[in-house]
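Novice: Build me a model:
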Amino acid sequence: MLGLRNSLITSRNPGITIVTDNLVLRHDYRLHPVQPLSDGAAYFDGSSDNIQLKAAISNNVFSFSAWINVTDDATTKTILDTRDGDNDGVIFRVSSAERLVLMINNSDSAIGSAADLIAGTWQHVVGTYDGTNLKLYIDGVLIETTADAGSSETVAVTTAARIGKHSYQDSNWFNGYMANVGVWSRAITQTEIKSIMWKKYSQLNADEKTNLVSWWNLDSTVEDLGTAVYDNHHGGGDTLGCELIDNGGFDDGLDGLDGWTNGAGTFNVVDGECVFTDENGQIFQSIVVTAGNTYQVSFDYDVSTGDSVRINADGTLRLVATSGSGSYVATFVAATSSVTHHIRVYGYMGAGEECTIDNVSVKEINGNTGTLS
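Specialist: Model prediction:
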């Protein structure tokens, strides 16, 4: 698991850089004379950096789009790969000759650009397939069209997609910068491309979002979880899923503790808040989570100096709020198999002291979240 550190980049538009080893998300470029098209971009080092998405992308008609700035290193560079081990699926990449390529189902149908991309320059690239024709666009210009292999291609993939490398093996690493990666389950038009390329996700209109599957700005990481990036389309518009905690506000039941189990110690509910009144008191309840999915945990707290309130969210992770009052938010990725998690709340304080907790919440972060590697 990669760690984060903050660093300042001096450039034409200086800004804060979030570094995950060599994966850089930085605000230092402008593609449009009026406003920046993104608050940042992901830098891939060409040897190990990539983003594993939570799910496969499997659509019989589709469009892939991205802003890229490639390094000319005579290697094949993957933009987005959603294929199984037998090469069935789709790959959108840059060839070793720095040309744009789109391939379906082990090269049954493929298209490549005759013109080279310009290394070291930001360019907007799109590959589409409408069930009959494959098309490539660079900076809004249609540069190649070719018919498929003779019958409509069927894309059926189960392997989780990757940004920046092959989906099923360690090869064809992307070298350079990437931002605003989008996927549609339809072939977007040239008119739409000329509009979309100059917009952030938040500026897309309703028609441009029609059949939009996912969009990754690649400009920041999920709060408190520096190893994940949002699918900004949020799986349909909602950032967070339904509430998984029962009675997180401590309002239900005669004692306010319906849904919670007494783990140890002494506590009670006062005015809708759970108050721990002895050292190491704890309550818990169980929720079912899905392997590889990302969840947000939040709660309100009031803690004396030197004391703490802790939530054990996945068997090992301790979310700690200490000294003072406020709201606490953190995230975690579920374990490698579907499991039942105990959400366990602890009060850690000295003899005769109290700490309180309220509005305990656990919700899934929606969309095809990506994990930095």
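
Novice: tell me which strands and helices the longest strand along the chain is in contact with?
Specialist: Across the chain, the longest stretch assigned as strand under DSSP state E is strand 294-312. Secondary-structure packing of strand 294-312 (3 or more Cβ pairs under 8 Å, 6 or more residues apart in numbering; DSSP states H and E): strand 318-333, strand 339-348, strand 355-365. C-beta here means a position set from N, CA and C on the backbone, and glycine is covered the same way.

Novice: any chance of the ones you listed in TSV, plus mean neighbour count and mean pLDDT?
Specialist: Shown next, in TSV, are the helices and strands packed on strand 294-312 (neighbours: other Cβ atoms under 10 Å; pLDDT from 0 to 100):
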stretch	mean neighbour count	mean pLDDT
strand 318-333	16	79
strand 339-348	19	72
strand 355-365	21	89
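
Novice: so can I have JSON lines of the ones you listed showing distance to residue 298?
Specialist: Putting the helices and strands packed on strand 294-312 into JSON lines (distance: least, Cβ to Cβ, whole Å) gives the following:
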{"stretch": "strand 318-333", "distance to residue 298": "5"}
{"stretch": "strand 339-348", "distance to residue 298": "12"}
{"stretch": "strand 355-365", "distance to residue 298": "5"}
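
Novice: which one of the ones you listed lies closest to residue 195?
Specialist: Nearest to residue 195 among these is strand 355-365 (28.4 Å), distances taken as Cβ to Cβ.

Novice: For the closest one, list the C-alpha coordinates in CSV.
Specialist: Taking C-alpha atoms only, strand 355-365 is exported to CSV below (Å, rounded to 0.1, in the frame of the first residue of the first chain):
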residue,chain,number,x,y,z
CYS,A,355,-16.7,11.0,26.6
THR,A,356,-19.7,11.1,24.2
ILE,A,357,-20.3,9.9,20.6
ASP,A,358,-23.3,10.5,18.3
ASN,A,359,-24.4,10.2,14.7
VAL,A,360,-22.4,7.1,13.9
SER,A,361,-22.6,6.4,10.2
VAL,A,362,-21.1,3.9,7.7
LYS,A,363,-22.0,4.3,4.0
GLU,A,364,-20.4,2.8,0.8
ILE,A,365,-18.7,5.3,-1.5
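
Novice: re earlier: quick one: closest of the helices and strands packed on strand 294-312 to residue 158.
Specialist: Closest to residue 158 of the helices and strands packed on strand 294-312 is strand 318-333 (Cβ to Cβ; 19.8 Å).

Novice: who does that closest one pair up with?
Specialist: Applying DSSP bridges to the sheet, strand 318-333 is found paired with strand 294-312 (antiparallel).

Novice: Over to stretch 184-195 now: how far is its first residue from its last?
Specialist: End-to-end distance of stretch 184-195 (Cα to Cα, to the nearest Å): 15 Å.

Novice: cool, stretch 201-208 as well?
Specialist: Distance between the boundary residues of stretch 201-208 (Cα to Cα) amounts to 10 Å.

Novice: Next: stretch 132-144.
Specialist: 14 Å.

Novice: which other residues reach that stretch?
Specialist: In this structure, residues lying in contact with stretch 132-144 by Cβ atoms under 8 Å, 6 or more residues apart in numbering are 100, 102, 104, 109-115, 117, 123-129, 145-148, 152, 187, 190, 193-194, 197.

Novice: Tell me how far that stretch lies from the chain's centre.
Specialist: Computed by Cα atoms, centre = their mean, to the nearest Å, the chain-centroid distance of stretch 132-144 equals 27 Å.

Novice: ok so, going back, buried ones in the longest strand of the chain, by neighbour count?
Specialist: 294-303, 307-312 (16 or more other Cβ atoms under 10 Å).

Novice: same question for that strand, mean pLDDT?
Specialist: Strand 294-312 carries an average pLDDT of 82.

Novice: relative orientation of that strand and strand 355-365 in degrees?
Specialist: Strand 294-312 and strand 355-365 are oriented at 160 degrees to each other (axes from the mean of the first three to the mean of the last three Cα atoms, to 10 degrees).

Novice: Could you number the chain from 38 rather than 1 from now on?
Specialist: Fine by me, first position is 38 from now on; the one you just mentioned is strand 331-349.

Novice: now strand 331-349 and strand 376-385, what's the angle there?
Specialist: If you take the same axes, to 10 degrees, strand 331-349 sits at 40 degrees to strand 376-385.

Novice: now the strands: where do they sit in the stretch 188-337 of the chain?
Specialist: 199-200, 212-221, 249-253, 265-266, 277-280, 298-301, 304-307, 310-313, 318-326, 331-349 (DSSP state E, counting those that start in this stretch).

Novice: Keeping just the C-alphas, turn the longest one into PDB.
Specialist: To tie it back to what came earlier, the one meant is strand 331-349. Extracted in PDB, the C-alpha atoms of strand 331-349 (Å, rounded to 0.1, in the frame of the first residue of the first chain):
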ATOM      1  CA  THR A 331     -14.700   1.600  -0.200                       C
ATOM      2  CA  TYR A 332     -16.700   2.900   2.800                       C
ATOM      3  CA  GLN A 333     -17.000   6.200   4.700                       C
ATOM      4  CA  VAL A 334     -17.200   6.100   8.500                       C
ATOM      5  CA  SER A 335     -18.200   9.300  10.400                       C
ATOM      6  CA  PHE A 336     -19.300  10.300  13.900                       C
ATOM      7  CA  ASP A 337     -19.600  13.300  16.200                       C
ATOM      8  CA  TYR A 338     -17.700  13.300  19.500                       C
ATOM      9  CA  ASP A 339     -16.900  15.200  22.700                       C
ATOM     10  CA  VAL A 340     -13.800  14.100  24.400                       C
ATOM     11  CA  SER A 341     -11.800  15.500  27.400                       C
ATOM     12  CA  THR A 342      -8.100  16.300  26.900                       C
ATOM     13  CA  GLY A 343      -6.000  13.200  26.900                       C
ATOM     14  CA  ASP A 344      -9.000  10.900  26.300                       C
ATOM     15  CA  SER A 345     -10.300   9.400  23.000                       C
ATOM     16  CA  VAL A 346     -13.200   7.900  21.200                       C
ATOM     17  CA  ARG A 347     -12.300   5.100  18.800                       C
ATOM     18  CA  ILE A 348     -14.200   3.100  16.100                       C
ATOM     19  CA  ASN A 349     -12.800  -0.200  15.000                       C
END
